[in-house]
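>>> return atomic coordinates for the entry below.
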Amino acid sequence: MYKAAVIGDSASVSGFAALGLSVFRETEPEAVTKLISRLAANDFAVIYITEPAAAHVKDTINKYRSCKLPSIVLIPAIEGNTGEGMNALHEAVEKAVGSDILN
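I've put the predicted structure just below:
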């Protein structure tokens, strides 16, 4: 059975535990990179990561963009939205459909 995880600062991700997601309170780039690799190898189909945590591990995230699983989804942190998550969503939709139908 596939699992879902969320990675980011404690204030932004703690509430996701109530939804049944595995919560990882991590923001250090090297640790986040290792964590993503570990989760990908252990049946995690979806990994939500806060935009600030993702900003420092773009190469790792891009490595998994061409893989079937896991799907890595950027979410806003408690401090607010940087727009990176929406940009990634627009790119994914355009790649899948052939045009940006979200605009």
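>>> which secondary structure state does the closest residue to L69 other than its chain neighbours sit in?
In space, and not counting its chain neighbours, L69 is closest to A45: 5.1 Å by Cβ to Cβ, 6 or more residues apart in numbering. Any C-beta I mention is one placed from the backbone N, CA and C, and that applies to glycine too. Reduced to three states with DSSP: H, G, I helix; E, B strand; the rest coil, the structure at A45 is strand.
>>> residues contacting A45?
2-4, 69-71 (Cβ atoms under 8 Å, 6 or more residues apart in numbering).
>>> do R25 as well
R25 is in contact with 8-10, 13-14, counting by Cβ under 8 Å, 6+ apart.
>>> who touches stretch 52-70?
Contacts of stretch 52-70 with the rest of the structure, by Cβ under 8 Å, 6+ apart, involve 2, 7-9, 26-27, 29, 32-33, 36-37, 39-40, 44-47, 49, 72, 74, 77, 79, 82, 84.
>>> and the pLDDT at N103?
Here the pLDDT value assigned to N103 is 68.
>>> ok, L89 next?
pLDDT, L89: 68.
>>> helix or strand with the lowest mean pLDDT in the protein?
The helix or strand of the chain with the poorest confidence is helix 84-97; it has a mean of 69 (mean pLDDT, DSSP states H and E).
>>> I'd like the contacts of A45 as TSV, with secondary structure and distance to K58 appended.
What follows is the contacts of A45, written out as TSV (DSSP: H, G, I helix; E, B strand; the rest coil; distance: Cβ to Cβ, whole Å):
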residue	secondary structure	distance to K58
Y2	coil	24
K3	strand	24
A4	strand	21
L69	coil	19
P70	coil	16
S71	strand	16
